[in-house]
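K.L.:
Sequence first, predicted model second:
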Amino acid sequence: MTEPRHEGDEVPTVANRGPELVVALLLMAVGVAVITESMRLGTGWGDDGPRSGYFPFYIGCALLISSGVICIGQLLRWSKDTEVFAERGQIKLVISVLVPMVIYVGGIFLLGIYIASALMIGFFMIRHGKYKLAPTAAVAVGVPLFFLLVFEKWFLVPLPKGPIERLLGM
């Protein structure tokens, strides 16, 4: 919920041009990586049809060209582009989700997917959902337990385990 604004109030913002240019450059890098790997695999035709890198090569080319066009267009209109990408408050909301998710990914390697997932679900329910402890604990334990049963027991697909889960014999 945003507070009412008064005329003359300055709202700090992030301009559209920076994020657009960064994303275009990142996609160009992805395109180059796809093209490079496709060339290593082979982009031509073999005796039995297209080689492994044939289709990814053209997808990488399309990605590189399209993101290059966006990048050049953004650079050409750099001084004229005053469109707002996001206000500072919106960026803070994104960061309030991004940082815990990065910690969660690291936690998977340290704790295993089930314990890290329980902690992440519990954190988000309390912090962002404002749930009380009882429903939070039920969901935070129940969801990873459900996925343990589905993946590990029914489909026999092992997911990353941490030291605590190994101690429990999982």
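P.N.:
Everything's here; your move.

K.L.:
residue contacts, the residue lying farthest from the centre of the chain?
P.N.:
Each residue of the chain has a distance to the centre, and by Cα atoms, centre = their mean the biggest one is for Asp47: 39.0 Å. Taking Cβ atoms under 8 Å, 6 or more residues apart in numbering as the definition of contact, Asp47 has no neighbours. (Glycine included, C-beta is placed from N, CA and C.)

K.L.:
Quick check: end-to-end length of stretch 102-121?
P.N.:
Counting by Cα to Cα, to the nearest Å, you get 14 Å between the two ends of stretch 102-121.

K.L.:
Check stretch 125-140 too.
P.N.:
9 Å.

K.L.:
go on, stretch 152-160?
P.N.:
For stretch 152-160, the first and last residues are 11 Å from each other (Cα to Cα).

K.L.:
Give the buried residues for it.
P.N.:
Neighbour counts using 16 or more other Cβ atoms under 10 Å place Leu159 of stretch 152-160 among the buried residues.

K.L.:
List of residues touching it?
P.N.:
Under Cβ under 8 Å, 6+ apart, the answer for stretch 152-160 is 108-109, 112-114, 147, 151, 170.

K.L.:
Separate out the buried members of these.
P.N.:
Buried members of the contacts of stretch 152-160, counted by 16+ other Cβ under 10 Å: 108, 112-114.

K.L.:
In JSON lines: the residues you listed, plus secondary structure.
P.N.:
Rendered in JSON lines, the data for those read as follows (DSSP: H, G, I helix; E, B strand; the rest coil):
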{"residue": "Ile108", "secondary structure": "helix"}
{"residue": "Gly112", "secondary structure": "strand"}
{"residue": "Ile113", "secondary structure": "helix"}
{"residue": "Tyr114", "secondary structure": "helix"}
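
K.L.:
Low-confidence regions, this structure specifically.
P.N.:
When the per-residue scores of the chain are filtered using pLDDT under 70, the ranges that remain are 1-12.

K.L.:
any chance you could map the helices in this structure?
P.N.:
17-41, 54-76, 88-111, 113-127, 133-147, 163-167 (DSSP state H).
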